[in-house]
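J.: 3D, please:
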Amino acid sequence: MKLDHGLLLYEGKAKRVFSTNNTEEVLVEFKDDATAFNAQKRAQIEGKGRLNCLITGKIFKILSKRGLPTHFLNTESDTWMLVQKVNIIPLEIVVRNIASGSLCRETPLRPGKELSAPLIDLYYKDDKLGDPLITDQRIEILGLASSEIIYEIKELALKTNSILREFFLKAGILLVDFKLEMGFNLKGKLLIADEFSPDNCRLWDLNVDDSTQKIMDKDRFRLDLGGVLDSYEEIYRRIKDIAF
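T.: Predicted coordinates for the structure are as follows:
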């Protein structure tokens with residue numbers, strides 16, 4: 001379904017952003033493109049955009065209901081979302097509950113180890129630099145955010161984690177880790193933005209013991225495990241009717 005929209009403002013790896021007749025709002029179209037390893041690996045998975053849009057809409061509604069500020073306004077169709085226009089802070093905010101991925105490559109932690117407390121890692125969004133891990137002081141030196149905003153970002157990330165860990169458990173799914181992006185709307189309010197989908201989080205099926213078969217997220221694409229769309233569909237099937 002195509003919606004009436006204005007100019008294409010931005011096209012990323014998985015979404016397109018279009019202007020609307022309201023300067024404070026934009027339309028986001030979710031694409032079927034799949035990428036990994038800084039877009040070095042690419043594919044088209046028909047139906048992925050639809051599922052990412054629907055899952056993101058469900059998650060943002062939950063966060064908003066629990067009082068967290070998000071840019072979400074409405075799901076306009078299965079692949080289109082209306083959101084507040086946001087100036088994104090060039091940071092990837094990663095919250096980790098279980099050791100996996102780069103954390104295990106960069107430390108002696110073994111995959112699957114539960115962390116004693118949620119870990120927040122901040123990465124500088126710059127493809128040319130490889131999105132490096134960045135410290136609070138470097139963030140301030142680069143003028144990306146003040147110490148007060150960094151604190152607010154981390155508090156929002158931890159609140160999001162607390163809410164969503166409980167939510168996914170109700171669906172029999174373990175929230176291993178996830179990435180958030182945040183930014184300021186035109187009124188200067190800090191909002192959770194972008195998306196929350198299996199493309200930017202790790203989700204493991206609590207009903208499955210096998211270490212590869214339990215994977216329900218984009219690692220199925222990264223690791224050539226197959227069944228990407230089936231796993232995304234299963235996530236949405238489990239969460240769509242949960243009242244939370």
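
J.: and the protein, what are its domains?
T.: Following automatic domain parsing, the chain resolves into domains at 8-85, 88-239.

J.: Identify the residue spatially nearest to the most centrally placed residue in the chain, adjacent ones excluded.
T.: Taking Cα atoms, centre = their mean, the centroid of the chain lies closest to Phe196, which sits 3.4 Å from it. Nearest non-adjacent residue to Phe196, counting by Cβ to Cβ, 6 or more residues apart in numbering: Ile59, 4.1 Å away. Where C-beta positions appear, they are placed from N, C-alpha and C, glycine not excepted.

J.: how about that neighbour, secondary structure?
T.: helix (DSSP: H, G, I helix; E, B strand; the rest coil).

J.: quick one: contacts for it?
T.: Leu164, Phe196, Ser197 (Cβ atoms under 8 Å, 6 or more residues apart in numbering).

J.: for Glu92, same thing?
T.: Leu122, Tyr123, Lys125, Asp131, Lys179, Leu180, Glu181 are the contacts of Glu92 under Cβ under 8 Å, 6+ apart.

J.: Could you do Leu51 as well?
T.: Ser197, Pro198, Leu229, Tyr232, Glu233, Ile235, Tyr236.

J.: Same question for Ile242.
T.: Phe167, Lys170, Ala171.

J.: buried subset of these?
T.: Among the contacts of Ile242, those classed as buried by 16 or more other Cβ atoms under 10 Å are Phe167, Ala171.

J.: Show me which of the contacts of Ile242 is closest to Pro111.
T.: Ala171 (22.3 Å; Cβ to Cβ).

J.: Count the residues that sit near Phe244.
T.: When neighbours are defined as other Cβ atoms under 10 Å, Phe244 has 14 of them.

J.: now for the lengthiest strand in the chain, which elements pack on it?
T.: Counting residues, the longest strand in the chain under DSSP state E turns out to be strand 173-185. Contacts defined by 3 or more Cβ pairs under 8 Å, 6 or more residues apart in numbering; DSSP states H and E place strand 173-185 against strand 86-88, strand 91-98, helix 147-170, strand 190-193, strand 201-205, helix 228-239.

J.: Turn these into CSV, columns for mean pLDDT and distance to Phe72.
T.: Below are these laid out as CSV (pLDDT from 0 to 100; distance: least, Cβ to Cβ, whole Å):
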stretch, mean pLDDT, distance to Phe72
strand 86-88, 97, 11
strand 91-98, 98, 17
helix 147-170, 98, 13
strand 190-193, 98, 8
strand 201-205, 98, 16
helix 228-239, 98, 16
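
J.: quick one, which of those is nearest to Asp78?
T.: Of all the helices and strands packed on strand 173-185, helix 228-239 comes closest under Cβ to Cβ, at 10.7 Å.
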